[in-house]
Structures are given as C-alpha cells and as structure tokens.
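Colleague: My questions concern the predicted model and sequence given below.
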Amino acid sequence: MNLIDQTFNRLKENEQTALIPFLTIGDPDLDTSVEIIAELEAAGADIVELGVPYSDPLADGPVIQRASQRALKHQVNIVSCMEAAVKARAAGVKLPFILFTYYNPVLQFGLDRFFDEVKRHDISGLIIPDLPVEESAEITKRAEAAEIHVIPLVAPTSQARIKSIVAGAKGFVYCVSSLGVTGERSSFFDGVEGFIGQVKEYTDIPVAVGFGISNGEQAARFARICDGVVVGSAIVRQIEEAIPLLQNTDTRQEGLLQIRKFVAQLK
Ligand SMILES: O=P(O)(O)OC[C@@H](O)[C@@H](O)c1c[nH]c2ccccc12
C-alpha cells in the first residue's frame, strides 16, 4: 500500500490530522534540506512536500520565490530533489515524500525518464499545480503504473469542476484555501469551511487544506474539518530566518532546533 495511504489510515485510527510541511529543496543547500526533513519528522510532520525550485513559480508568493532563487544558485533540479528524498530515507526518515514540481521541469525531463526516476527514488506522491487538465490523464496513467499518487488541487473557484477534478483521485485532495499565490495569511474568506465541506461531498479519500496557514491556531481551525493541513511559506520563512545560524557550524544545531520548535507547535 502507498505510504501516503498508510499514513492517513494510521492518523484516522488515532483521530489525528496530518501535518504536511512544504520546503524548497536546496534552500539554503541540499545537505541542509536533508537535515531539515529529519527535523520536520522529529517535530511531528506526517508527510512532506519536497519543492523542486523553479525559475518561474507563478503560484508562489515572495517567501517561496526567494527560497527558489537561493536553491537555484546551487543548480538544484528534479533529480537532486529526488536524491534528497533518498538521503533522508537513508538517514532514517520514515515520512512519505511528495514531489512538488511545476509542469515545465517535468516536460523538460521527459515523462518516461521522470516516472522511472520517481519510482526509483521512493516518491509516494506528486503535486503539479499547473498540470493542464488535458495532460492530466497521461500523467495519472503513468503515475498509477508507478503506484504514485497525483494529488489534485481544488480551489474555491473550481466550483462546477470540483467533481471532475476529484473523480478517481488517489492519496488526498488538496483544497487551496484562498485565491492568489502561496503565502501566510491573517484571515481566510468566510466560505472556506463551506468550500471544504463541498469538496468532501465529492470524495471519500482524505481532504487536506493549504495556502496561508501560518500558526497553530489556524492549523487547529482547519484540523477540525480536514484530514490534513499543509504549511509551506511559514516554514520556509523559518528556514530563511535560520540561514545565518545554519551556515555557522557553532550555531547550526540552534538553527535546526528553531525550525523544529516552530513546526512542533503547528502539530
Ligand atoms: O505557502 P503556503 O501559503 O503555506 O501554502 C502551501 C504551499 O506552500 C505549498 O503547498 C505549495 C508551494 N507552492 C505551491 C504552488 C501551488 C500550490 C501549492 C503550493
């Protein structure tokens, strides 16, 4: 059984909600990203989104854009992100890995080669936010053959398309809480709970929510109605703020602990 399914089954038995952090791989460097993944697990994360840095992250706000720029300085690409997953697994991390990438890097890589590599690198899920609907059947077919879940994104504007987007979905459905780009938010639109409830009517697989969630109180609000909560920018900002500590061997552990503490309070 796919590790993502196993994770949600275990959490459901314990009446818990999955905490799903996102981080940009290679920010501030590849080795540090591997160590941060271990910290995320130690802090209570259940699944982790490994972000492939991209030069044109059109759905990302400034925090993740800056993280992508820092990672791209090290020429981090899809393979190095998958290698980070393998290194984290070798270091004892048990979390399921979701590879988060825009579609262009996948196309440039080549679909055959991409799915061969994804399978070889212990990736359990894919999120491709700008995957065109007309191409999603091809990607889903290949993913199923590789036993990898393609996680669909549903936005409040999806309305009439919710049913078709989530039909046949595997892993979990990712509800985007707000319109616009990623980034911490102090509030959410009034109908967000209603939107999530609507999505849940169309699917039996777990439903997670992301976009804007930046503190324990917001995470708790959504944990009441969802099976998972995704947090990206707030964690990427913690990594960004910890960089001076991470880059000095004397204060590296302090930097890692700072990130772990932030994520632990979210859990
Ligand atoms: O950063 P936020 O607001 O916490 O949202 C999660 C988000 O980072 C992560 O899931 C993600 C990163 N880039 C994206 C682009 C589109 C959709 C989702 C994402």
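Modeller: Thanks, I have it.
Colleague: Strands along the stretch 1-150 of the chain, start to end?
Modeller: Along the stretch 1-150 of the chain, counting by DSSP state E, counting those that start in this stretch, strands occupy 18-24, 48-51, 97-100, 125-127, 149-150.
Colleague: Return the list of helices and strands in contact with the longest one.
Modeller: When you say that, I think you mean strand 18-24. helix 3-13, helix 30-42, strand 48-51, helix 62-72, strand 207-210, strand 228-231, helix 233-246, helix 252-266 (3 or more CB pairs under 8 Å, 6 or more residues apart in numbering; DSSP states H and E). (Each C-beta comes from the backbone N, C-alpha and C, glycine too.)
Colleague: Turn the strands of the stretch 1-150 of the chain into JSON lines, including distance to Ile259.
Modeller: As requested, the strands of the stretch 1-150 of the chain are arranged in JSON lines below (distance: least, CB to CB, whole Å):
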{"stretch": "strand 18-24", "distance to Ile259": "9"}
{"stretch": "strand 48-51", "distance to Ile259": "13"}
{"stretch": "strand 97-100", "distance to Ile259": "18"}
{"stretch": "strand 125-127", "distance to Ile259": "22"}
{"stretch": "strand 149-150", "distance to Ile259": "27"}
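Colleague: count of residues packed around the closest residue to the ligand within the stretch 151-267 of the chain?
Modeller: Using CB to the nearest ligand atom, the closest approach of the stretch 151-267 of the chain to the ligand is made by Gly232 at 2.0 Å. Neighbour count of Gly232, defined by other CB atoms under 10 Å: 28.
Colleague: Excluding chain neighbours, give the residue nearest to it in space.
Modeller: Closest residue to Gly232 apart from its sequence neighbours, by CB to CB, 6 or more residues apart in numbering: Phe22 at 3.4 Å.
Colleague: I'd assumed Val229 was in contact with that neighbour.
Modeller: No: between Phe22 and Val229 there is no contact under CB atoms under 8 Å: 11.3 Å.
Colleague: Can you work out which residues contact both of the two?
Modeller: Gly210 (CB atoms under 8 Å, 6 or more residues apart in numbering).
Colleague: In TSV, list the helices and strands packed on strand 18-24 along with mean pLDDT and mean neighbour count.
Modeller: TSV is the format used below for those (pLDDT from 0 to 100; neighbours: other CB atoms under 10 Å):
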stretch	mean pLDDT	mean neighbour count
helix 3-13	98	17
helix 30-42	98	20
strand 48-51	98	24
helix 62-72	98	20
strand 207-210	98	25
strand 228-231	98	27
helix 233-246	98	20
helix 252-266	98	18
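Colleague: what's the spacing between the residue of the stretch 151-267 of the chain closest to the ligand and Pro132?
Modeller: Distance check for Gly232 against Pro132: by CB to CB, to the nearest Å, it reads 23 Å.
Colleague: just Ala220 next, same as before
Modeller: Taken as CB to CB, the span from Ala220 to Pro132 is 36 Å.
Colleague: again with Gly171
Modeller: 20 Å.
Colleague: what are the bridge partners for the residue positioned nearest the centre of the chain, then?
Modeller: Nearest residue to the geometric centre of the chain (CA atoms, centre = their mean): Glu49, 2.8 Å. Taking DSSP bridges as the rule, Glu49 bridges to Phe22, Ile98.
Colleague: on that earlier part again, would a markdown table of the helices and strands packed on strand 18-24 with distance to Ser158 be doable?
Modeller: Formatted as a markdown table, these follow (distance: least, CB to CB, whole Å):
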| stretch | distance to Ser158 |
| --- | --- |
| helix 3-13 | 22 |
| helix 30-42 | 29 |
| strand 48-51 | 20 |
| helix 62-72 | 22 |
| strand 207-210 | 13 |
| strand 228-231 | 17 |
| helix 233-246 | 22 |
| helix 252-266 | 26 |
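Colleague: So which bits of the stretch 1-150 of the chain are right by the ligand?
Modeller: 22, 49, 51, 59-60, 64, 129 (CB under 6 Å from any ligand atom).
Colleague: Do you know the pLDDT at the residue of the stretch 151-267 of the chain closest to the ligand?
Modeller: Among the per-residue scores, Gly232 holds a pLDDT of 98.
Colleague: got it, and Gln159?
Modeller: Predicted confidence (pLDDT) for Gln159: 85.
Colleague: helix/strand/coil for it?
Modeller: Under DSSP: H, G, I helix; E, B strand; the rest coil, Gln159 falls in the helix class.
Colleague: Perfect, that will be all.
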